[in-house]
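>>> Following is a predicted model, sequence given first.
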There are 2 protein chains.
Amino acid sequence: MSAEGLDEALRARGMRATPQRRLVLEAVIALGHGTPEKVCERVQNVAPAVNLTTVYRTLELLEDLGVVSHTHLGHGAPTYHPSDEADHIHLVCRRCGSVSEADLALAEALARSVAGRHGFATDLAHLSLHGVCRSCAGAGEVSGAAVRSTSHER
Amino acid sequence: MSAEGLDEALRARGMRATPQRRLVLEAVIALGHGTPEKVCERVQNVAPAVNLTTVYRTLELLEDLGVVSHTHLGHGAPTYHPSDEADHIHLVCRRCGSVSEADLALAEALARSVAGRHGFATDLAHLSLHGVCRSCAGAGEVSGAAVRSTSHER
DNA sequence: GTGCCTGCAAACCGTTTGCAAAGGG
DNA sequence: CCCTTTGCAAACGGTTTGCAGGCAC
């Protein structure tokens, strides 16, 4: 959804269309994905008075509206992104912290079997896989000590 | 690994075998899975002086040793469990917060394809699926308002 | 004895809350 | 005008850090 469409969606629910809400949505779209803090920084480039609290409240609201969604990519702050870009799963490297993307289709068979066996409706947009990325797997073989010192997720 | 084996593993690395470390491992094993806070509570039943800080440091150490591992089951504190019980994936319900388990084998095809395409070694023990469980899916249809009011993960 | 480990207190990060003031309808 | 929404400040939960003392080796 665009920032323009947002105003209507809000009014349709008896909520108020405010500059802050438009700005937060625009920031999420512009970033593609980002933590609440990152979103706030970007909003503050345009409107310095906007508060982090408002960003949190607005992200929650936008998620209710189905306009954005979030994933927990590990230990820290969650990542928000426009719902219509939630077309991939995340591969989070435990060693270097890098996040890459993989085709959602890879996980569809898993979602189907979990639905069949457990009646559980998996939200694939929230799916993240933890493990070790290609470059870290290679580097990891070089030195045991080096691996140990960087093997913590937090 | 048992609490007895731990002492040897520690000494083999020039580390010290302490009662606290044995107790934390025993607590994780006894609980099957639990947050640092839960682990600490259980340790304190036996040794009230043990500090939460020590539990955090020990869980990190035990994870380094490969004796325990942890998963992020969503918004809050992570869950630790013995590595040799990491034979299932977690299904976390967004509505009621319940956590159920599913067979690891369901995700093995996913792990294989991600390894093939991206060179990414998925740690299946850390895998959790977010979505809506069977009972909440049924309850959710009853009232739109009720759904909205409980649809937040945090 | 040496130095790793522990307990305590305080800082820390990300997030939420209470409240008065601002501003959208 | 009313009532939602905002900004601020303070509290919050979970985790980490610095440091002095204790205990395994």
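Looks like it came in fine.

>>> A:Leu129 falls within a strand, correct?
Yes: applying DSSP: H, G, I helix; E, B strand; the rest coil, one finds A:Leu129 inside a strand.

>>> So what sits opposite it in the bridge?
A:Leu91 (DSSP bridges).

>>> List the contacts of it.
Counting by CB atoms under 8 Å, 6 or more residues apart in numbering or on different chains, A:Leu129 touches A:89-92, A:102, B:110-111, B:114, B:120, B:122-123, B:127. All C-beta atoms are positioned from the backbone trio N, CA, C, and that covers glycine.

>>> From what I see, A:Ala125 and A:Ala86 are in contact.
Yes: using CB atoms under 8 Å, A:Ala125 is in contact with A:Ala86, at 3.5 Å.

>>> Give me the common contacts of these two.
Common contact partners of A:Ala125 and A:Ala86 (CB under 8 Å, 6+ apart): A:Ser69.

>>> Just the buried ones out of the contacts of A:Leu129, please.
With burial judged by 16 or more other CB atoms under 10 Å in any protein chain shown, the buried subset of those is A:89-92, A:102, B:110-111, B:114, B:120, B:122-123, B:127.

>>> Can you give me the distance of A:Ser2 to A:Arg22?
A:Ser2 is 10 Å from A:Arg22, where distance means CB to CB, to the nearest Å.

>>> What parts of chain A come near DNA strand D?
Within reach of DNA strand D by CB under 7 Å from any atom of the strand, chain A has these residues: A:10, A:14-16, A:18, A:20-21, A:47, A:49-51, A:53-54, A:57-58, A:154.

>>> Name all residues that make contact with the closest residue to A:Ala47 other than its chain neighbours.
Distance criterion CB to CB, 6 or more residues apart in numbering or on different chains; nearest residue to A:Ala47, sequence neighbours excluded, is A:Leu23 at 5.9 Å. A:Leu23 makes contact with A:43, A:46-47, A:50, according to CB under 8 Å, 6+ apart.

>>> So which of those residues are in helices?
When DSSP state H is applied, these are split such that A:43, A:46 fall in helices.

>>> which of the contacts of A:Leu23 lies closest to A:His70?
A:His70 lies nearest to A:Val43 out of the contacts of A:Leu23, by CB to CB, at 16.6 Å.

>>> you'd agree the closest one is up against A:Asn51?
No: applying CB under 8 Å, one finds A:Val43 not in contact with A:Asn51, separated by 9.6 Å.

>>> excluding its backbone neighbours, what's nearest A:Ser128?
The shortest distance from A:Ser128 to any non-neighbouring residue, by CB to CB, 6+ apart, is to A:His90 (4.0 Å).

>>> got a pLDDT number for the one you found?
For A:His90, the pLDDT comes out at 89.

>>> before we move on, what about A:Ser143?
Note on A:Ser143: pLDDT of 43.

>>> May I ask which of the contacts of A:Leu23 has the most neighbours?
Tallying neighbours with other CB atoms under 10 Å in any protein chain shown puts A:Val43 at the head of the contacts of A:Leu23, with 27 neighbours.

>>> Let's test this: name the helix or strand in chain A with the lowest mean pLDDT.
helix A:144-149 (a mean of 39; mean pLDDT, DSSP states H and E).

>>> How many residues are close by the nearest residue to A:Asp87 once chain neighbours are set aside?
Of all residues not flanking A:Asp87 in the chain, A:Leu104 sits nearest, at 5.6 Å (CB to CB, 6+ apart). A total of 15 residues lie near A:Leu104 under the criterion other CB under 10 Å.

>>> wait, doesn't A:Leu104 sit right on A:His90?
No: using CB under 8 Å, A:Leu104 makes no contact with A:His90, being 10.6 Å away.
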